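In: Quick one, structure for this:
(2 chains)
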Amino acid sequence: MTTTAFADSLIPSSIAIQSMLADEAKSQPWRADVIAARRGDQSAFASLVRSIQRAIYGLCLRLLRSEAEASEVAQEAFLRAYQHLDRYDENRPFDLWVMAIARNLCLDLLRRRTRMRSEDVDEMRETLPSGAKSQEQGAIDREERLSLESALSTLSAEDREVLALYYVQKRTTKEIAQVIGVAPGTIMARLFRAREKLRKQMIVGKELA
Amino acid sequence: MSEQCPDIELLLAEAVEGSGPLIEHAARCKECSAILEEHRQIEKDLFRLVDPLPPPDFTQNVMARVAAQRAPIRVNIALGLAIAATAFGLGIFTLVSSGLGVSAVGSLAGSALITAKSLWVGTQKGVSLLWEAQALPVAISLLIVLMICIFTLKHLVRDGRALSEARISG
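Out: Residues are numbered from 1 along each chain as shown, chains lettered A, B, ... in the order given. Predicted structure coming up:
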């Protein structure tokens, strides 16, 4: 092998570089927008908001059980994320970072709340949808969904959040641990406990019905 | 559940792994197998739930609040550094273009040093006088009160739209 050929073999080809960049963009789709938003590009931040707003709002709604409060807190979470973009570690998923902010805001609000109005539960039951596909497939009907949502609403915020993150948002236990700030090994046990409470609650609900 | 039945958490943990003595027990025990089946059904139903869509104007509202904010701190730092560098460059340019030589720059630096020294001596004298008059604790207390007032005022102005005001709590 000549020296030039050897040197060439050490330098990745443009295709390889493009492939590496594409992989990075795939694994960290928020990175470019975060960098642009840090430079003051608000449209980049708007793009970030659009990409994760459903997950953030969804978690807030599951925790707070009020559309108005969920919207307000989710907006506040994004605002705080924008204000503290310089503190964000780019190696951490952006959605999990904002989710942790939103979760803390929700828990703060729940602590301040003295009691929940019963109409909030009714509002939430009507608000939270089941999957569009599953509706088409008729896999879970409205009554079953309402009974599940009703049982879910009786659980504690801690139980609701772990169930919502794992089942509704399809997060891994590692990701949930990052959001909640606990060891990943404890998440499964939390899930089992929450699901068992949900099962018992659904039995009570069926008996009352 | 009979006395021989395992703890439900252990049973569920083993169900995730797929096999084990507890699962073997559950296969023989009607109650345990019923519980496991109920859990499977709940899991299936939970997996079908999806997050609701946020209000249609959600992004717009977020961006309106973002626009009302100051730019992120990193932008401010970059802007500050850029201003400082420009000012420094302009200063050097003015100095050179006005025809002042190196000696004039030296004189300027010397005079700046003397002024700084006088300022330092003056500050020391002031502190010393405060100390002698036993007024230093009072001065420090006043300074702390002033700082708290400024910080609180700044905090109030920044959080003009405090979240608690916008919340609709029960």
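In: element containing the most centrally placed residue in chain A, please.
Out: Central residue of chain A (Cα atoms, centre = their mean): residue A:55, 4.3 Å from the mean position. Using DSSP states H and E, residue A:55 sits in helix A:42-64.
In: Quick one: mean pLDDT over that helix.
Out: Averaged across helix A:42-64, the pLDDT comes to 94.
In: So which bits of it are buried?
Out: A:44-49, A:52-64 (16 or more other Cβ atoms under 10 Å in any protein chain shown). Just so you know, the C-beta spots here come from the backbone N, C-alpha and C atoms, and that holds for glycine as well.
In: With stretch A:73-86 instead?
Out: Buried, per 16+ other Cβ under 10 Å, within stretch A:73-86: A:73, A:74, A:75, A:76, A:77, A:78, A:79, A:80, A:81, A:82, A:83, A:85.
In: Need the residues that contact that stretch.
Out: Outside stretch A:73-86, the residues within contact range by Cβ atoms under 8 Å, 6 or more residues apart in numbering or on different chains are A:34, A:37-38, A:45, A:49, A:53, A:56-57, A:60, A:64, A:88, A:97-98, A:101-102, A:105-106, A:109, B:54, B:58, B:61-62, B:65-66, B:69, B:72-74, B:163.
In: which residues touch whichever residue of chain A sits closest to chain B?
Out: Nearest residue of chain A to chain B, counting by Cβ to the nearest Cβ: residue A:58, 2.8 Å away. Residue A:58 makes contacts with A:164, A:168, A:169, B:50, B:51, B:52, as judged by Cβ under 8 Å, 6+ apart.
In: Let's have these in a markdown table, adding secondary structure.
Out: Listed next are the contacts of residue A:58 as a markdown table, based on DSSP: H, G, I helix; E, B strand; the rest coil:
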| residue | secondary structure |
| --- | --- |
| A:164 | helix |
| A:168 | helix |
| A:169 | coil |
| B:50 | coil |
| B:51 | coil |
| B:52 | coil |
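In: Switch the residues you listed over to CSV; also include neighbour count and distance to residue A:201.
Out: What follows is the contacts of residue A:58, written out as CSV (neighbours: other Cβ atoms under 10 Å in any protein chain shown; distance: Cβ to Cβ, whole Å):
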residue, neighbour count, distance to residue A:201
A:164, 24, 15
A:168, 23, 17
A:169, 20, 21
B:50, 19, 21
B:51, 21, 21
B:52, 18, 21
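In: touching chain B at all, the helix or strand where residue A:200 lies?
Out: Element membership for residue A:200 (DSSP H and E) is helix A:187-208. Yes - counting by Cβ under 8 Å from any Cβ of the partner chain, chain B has neighbours in helix A:187-208: A:188, A:189, A:192, A:193, A:195, A:196, A:198, A:199, A:202.
In: Give the buried subset of those as a PyMOL selection command.
Out: Applying 16+ other Cβ under 10 Å to those, the buried members can be selected in PyMOL as follows:
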select buried, chain A and resi 188+192+193+195+196+198+199+202
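In: follow-up on the earlier one: quick one, which of the contacts of stretch A:73-86 are buried?
Out: Looks like those have A:34, A:37-38, A:45, A:49, A:53, A:56-57, A:60, A:64, A:88, A:97-98, A:101-102, A:105-106, A:109, B:54, B:58, B:61-62, B:66, B:72, B:163 buried, using 16+ other Cβ under 10 Å.
In: how about the helices in chain B?
Out: Per DSSP state H, chain B carries helices over the ranges B:8-17, B:21-28, B:30-48, B:58-67, B:73-97, B:102-132, B:136-158, B:163-166.
In: whoops, I mixed them up, chain A
Out: Per DSSP H, chain A carries helices over the ranges A:3-10, A:14-27, A:31-38, A:42-64, A:67-83, A:94-112, A:118-127, A:132-137, A:142-154, A:157-163, A:173-180, A:187-208.
In: any chance of the ones you listed in a markdown table, plus distance to residue B:112?
Out: What follows is the helices of chain A, written out as a markdown table (distance: least, Cβ to Cβ, whole Å):
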| stretch | distance to residue B:112 |
| --- | --- |
| helix A:3-10 | 53 |
| helix A:14-27 | 50 |
| helix A:31-38 | 37 |
| helix A:42-64 | 42 |
| helix A:67-83 | 38 |
| helix A:94-112 | 46 |
| helix A:118-127 | 66 |
| helix A:132-137 | 72 |
| helix A:142-154 | 70 |
| helix A:157-163 | 60 |
| helix A:173-180 | 52 |
| helix A:187-208 | 62 |
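In: Mind putting the helices of chain B into JSON lines with mean pLDDT?
Out: Listed next are these as JSON lines, based on pLDDT from 0 to 100:
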{"stretch": "helix B:8-17", "mean pLDDT": "78"}
{"stretch": "helix B:21-28", "mean pLDDT": "79"}
{"stretch": "helix B:30-48", "mean pLDDT": "89"}
{"stretch": "helix B:58-67", "mean pLDDT": "94"}
{"stretch": "helix B:73-97", "mean pLDDT": "78"}
{"stretch": "helix B:102-132", "mean pLDDT": "84"}
{"stretch": "helix B:136-158", "mean pLDDT": "81"}
{"stretch": "helix B:163-166", "mean pLDDT": "36"}
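In: Now distance to chain A too, for those helices, in TSV please.
Out: Shown next, in TSV, are the helices of chain B (distance: least, Cβ to the nearest Cβ, whole Å):
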stretch	distance to chain A
helix B:8-17	4
helix B:21-28	13
helix B:30-48	4
helix B:58-67	5
helix B:73-97	4
helix B:102-132	33
helix B:136-158	9
helix B:163-166	5
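In: Just the pLDDT for whatever residue of chain B ends up closest to chain A.
Out: Taking Cβ to the nearest Cβ, chain A has its nearest neighbour within chain B at residue B:51, 2.8 Å off. pLDDT, residue B:51: 90.
In: and stretch A:169-179, how far from the chain's centre?
Out: 8 Å (Cα atoms, centre = their mean, to the nearest Å).
In: List of residues touching that stretch?
Out: The set of residues external to stretch A:169-179 that reach it, using Cβ under 8 Å, 6+ apart, is A:55, A:58-59, A:92-93, A:96, A:99-100, A:103, A:162, A:165-166, A:183-184, A:186-188, A:191, B:47, B:51.
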